[in-house]
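> Show me the folded form of this:
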Amino acid sequence: MSLQAQPAANPWAPRLAALVVGLGVAMLLALFFWGINYRDSVGSVAVATRPAPDFSLTLFGQPGSSSGIWRLADQGGRRPVVVNFWASWCIPCEDEAPLLEAIARRYQARVSFIGVDVLDTDANARGFLDRFRVTYPNGADSSGEVSIAYGMSGVPETYFIGPDGRIARKWAGPLDEARLTSFLEDLLR
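Numbers count the residues shown, from 1 in each chain. Purely as a prediction, here's the structure:
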């Protein structure tokens, strides 16, 4: 029987392992609490002023509006555009719909509004538009291309495009009348 010398245990190894585990847990907790703090956040999101991605939508053809194709490129250089992403299953979208319709009517001579329906069925979307008597143009983003191009993260979400065709502001969450009219007045200056 031979006795082999056991290597000396590193006295720092358990402390180092505990430190690494502790830092990992602290980082996870920080992310968890940051997420809870911001999960219901709404507001103006900083966007680098950049050209708005061009898109076209086949319109639902709600009462009071023409059906057909709506193109962002057709709006350029004339007046600002408000692009609102929404869905019929979205409760905040229901709260926002009457306001958007009223403001779209009030500003119809100076601002174009377009609604982009996402992750929805055609029947539910049309029912939503009928229920809230929405008359400004709306169409479905069936492929998700428009949502991806704009970097949409949830509904409702609204983009404000200046007459120069550049995104001036993005608002995540439902809008209230004071903010919406303030944002529009900023675009019209």
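> was I right about residue 184 contacting residue 81?
No: the criterion here is C-beta atoms under 8 Å, and residue 184 misses it with residue 81 at 10.8 Å. Heads up, the C-betas are built off the backbone N, CA and C, glycines and all.
> With neighbour numbers in mind, choose between the two.
residue 81 (21 against 18; other C-beta atoms under 10 Å).
> Quick check, the more buried one in contact with residue 52.
Yes: applying C-beta under 8 Å as the test, residue 81 and residue 52 come out as touching, 7.5 Å apart.
> which residues are in contact with both of these two?
Both residue 81 and residue 52 are in contact with 72, 161, where contact means C-beta atoms under 8 Å, 6 or more residues apart in numbering.
> in the protein, which spans are strands?
43-45, 56-58, 69-71, 81-86, 112-117, 138-140, 157-161, 167-172 (DSSP state E).
> tell me the domain boundaries of this protein?
What automatic domain parsing lists as the domains of the chain is 12-41, 43-188.
> Quick check: pLDDT value at residue 50.
Note for residue 50: predicted pLDDT of 83.
> thought it was touching residue 168?
No: with contact defined as C-beta under 8 Å, residue 50 does not reach residue 168; the gap is 10.2 Å.
> residue ranges of the helices in the chain, please?
13-38, 91-106, 122-131, 145-150, 177-188 (DSSP state H).
> and the nearest residue to residue 121 once chain neighbours are set aside, how many neighbours?
Among residues not flanking residue 121 along the chain, residue 88 sits closest, at 7.8 Å (C-beta to C-beta, 6 or more residues apart in numbering). Look at residue 88: counted by other C-beta under 10 Å, it has 21 neighbours.
> Please apply the same query to residue 61.
15.
> What is the burial count for residue 74?
For residue 74, using other C-beta under 10 Å, the count is 11.
> no wait, residue 163
17.
> what bits of the chain have low per-residue confidence?
Counting by pLDDT under 70, the chain contains low-confidence ranges at 1-9, 20, 22-48, 62-67, 76-77.
> if you set the cut-off to 80 instead, what comes out?
1-11, 13, 16-49, 61-67, 76-78 (pLDDT under 80).
> of all the helices of the chain, which lies closest to residue 112?
helix 91-106 (8.8 Å; C-beta to C-beta).
> Which other helices and strands does that closest one contact?
strand 81-86, strand 112-117, helix 122-131, helix 177-188 (3 or more C-beta pairs under 8 Å, 6 or more residues apart in numbering; DSSP states H and E).
> Now do that helix against strand 112-117, angle only.
Angle, helix 91-106 to strand 112-117, by axes from the mean of the first three to the mean of the last three C-alpha atoms, to 10 degrees: 160 degrees.
> so helix 91-106 versus strand 81-86, what angle?
Going by the same axes, to 10 degrees, helix 91-106 makes 150 degrees with strand 81-86.
> In PDB, list the C-alpha atoms belonging to helix 91-106.
Extracted C-alpha coordinates of helix 91-106, given in PDB (Å, rounded to 0.1, in the frame of the first residue of the first chain):
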ATOM      1  CA  ILE A  91     -57.800  46.300 -24.100                       C
ATOM      2  CA  PRO A  92     -55.700  49.500 -24.200                       C
ATOM      3  CA  CYS A  93     -56.400  49.700 -27.900                       C
ATOM      4  CA  GLU A  94     -60.200  49.800 -27.100                       C
ATOM      5  CA  ASP A  95     -59.600  52.600 -24.700                       C
ATOM      6  CA  GLU A  96     -57.600  54.600 -27.300                       C
ATOM      7  CA  ALA A  97     -59.800  53.900 -30.400                       C
ATOM      8  CA  PRO A  98     -62.400  56.600 -29.800                       C
ATOM      9  CA  LEU A  99     -59.800  59.200 -29.100                       C
ATOM     10  CA  LEU A 100     -57.800  58.400 -32.300                       C
ATOM     11  CA  GLU A 101     -60.900  58.600 -34.400                       C
ATOM     12  CA  ALA A 102     -61.900  62.000 -32.900                       C
ATOM     13  CA  ILE A 103     -58.400  63.400 -33.300                       C
ATOM     14  CA  ALA A 104     -58.100  62.000 -36.900                       C
ATOM     15  CA  ARG A 105     -61.300  63.800 -37.800                       C
ATOM     16  CA  ARG A 106     -60.200  67.000 -36.200                       C
END
